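Below are the sequence and a predicted model; questions follow.
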Amino acid sequence: MRCVIFDLDGTLADTSGDLIAAANVCFDAMGAGVRLDPGADAGVALRGGRAMLTEGLGRIGGADPAVVDRWYPALLEAYGGALDVHTRMYPGAAETVEALRRDGYAVGVCTNKPEALAQRLLAALGVRDLFGALIGADTLATRKPDVAPYWAAVEGAGGRRDASLLVGDSDTDRKTAAAAGVPCILVTFAPGGAAVRELAPEGVIDAFAELPAEVRRLIG
């Protein structure tokens, strides 16, 4: 089947609020006089847990990688305990995935979020059953932008490598698609905004309603 693979954080759903809340739990536990802001730091949140810890600690004198590594499991634990409080699917995301399925496309998820957390989040959002495959950061030995997780998502969803594409929001997604030799569609409604156009993806959408036409244009 022709196949559309989606990134999760910043593409299907705005997860930044819950991610930042988890980072702030860690900063409070450390006694560090810093907090990330759900609005201003949304882009940092979508780069992952270590990026948030590094950013916060860097604002108060420096981020020791050993300290970041030590607190990363605590951040995951805090996030896992409250991962769907503020998170919402982007408008039209679920409906567009359903439309792609009706039109005969295989769909899957390839994310750099740990697989168990991604599974739980999609289930909590009521959309896990829409996707034929879900590959997380720890499903395989490598993560995006390595191509192995992308191909695993394509094949797990029942898709064809030569008729697949990746929908994402970041340079990581762009690099993954480029390494795989497949088209990439980037979204402008994530914190990165219209700046993703500078990454020269094969397609850009400002809303999910635009996605089906771009998919047809790129892979038929």
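Good, I have the coordinates.

For this structure, just list every one of the strands.
3-6, 13-14, 88-89, 106-110, 134-135, 164-168, 184-187, 203-205 (DSSP state E).

In a markdown table, list those strands along with mean neighbour count, distance to Ala63 and mean pLDDT.
C-beta: built from backbone N, CA, C; applies to glycine. Below are the strands of the chain laid out as a markdown table (neighbours: other Cβ atoms under 10 Å; distance: least, Cβ to Cβ, whole Å; pLDDT from 0 to 100):
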| stretch | mean neighbour count | distance to Ala63 | mean pLDDT |
| --- | --- | --- | --- |
| strand 3-6 | 29 | 31 | 99 |
| strand 13-14 | 22 | 25 | 98 |
| strand 88-89 | 14 | 30 | 97 |
| strand 106-110 | 26 | 28 | 98 |
| strand 134-135 | 24 | 29 | 98 |
| strand 164-168 | 28 | 26 | 98 |
| strand 184-187 | 26 | 28 | 98 |
| strand 203-205 | 18 | 33 | 98 |
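
domains in the protein, as residue ranges please.
By the assignment in automatic domain parsing, the chain contains the domains 3-14+87-219, 16-80.

now, of these, which is deepest in the fold?
domain 3-14+87-219 (a mean of 19; mean count of other Cβ atoms under 10 Å).

Any idea how many residues pack against the residue nearest to Gly220 when sequence neighbours are not counted?
Excluding its sequence neighbours, the residue lying closest to Gly220 (Cβ to Cβ, 6 or more residues apart in numbering) is Arg2, at 6.3 Å. The number of residues packed around Arg2, counting by other Cβ atoms under 10 Å, is 19.

Give me the distance between Arg2 and Asp103.
Computed as Cβ to Cβ, to the nearest Å, the Arg2 to Asp103 distance reads 9 Å.

re the thing from before, and the residue nearest to Gly220, what does it touch?
104-106, 159-160, 163-164, 215, 219-220 (Cβ atoms under 8 Å, 6 or more residues apart in numbering).

hmm, 6 Å instead?
Residues in contact with Arg2, defined by Cβ atoms under 6 Å, 6 or more residues apart in numbering, are 105, 163, 219.

Output these as TSV; include the columns distance to Leu125 and pLDDT.
Shown next, in TSV, are the contacts of Arg2 (distance: Cβ to Cβ, whole Å; pLDDT from 0 to 100):
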residue	distance to Leu125	pLDDT
Tyr105	20	98
Ala163	28	98
Ile219	26	98
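
Which ones among these map onto helices?
The helices, defined by DSSP state H, take in Ile219 from the contacts of Arg2.

quick check, nearest of the contacts of Arg2 to Lys175?
Set against Lys175, the nearest of the contacts of Arg2 by Cβ to Cβ is Ile219 (19.3 Å).
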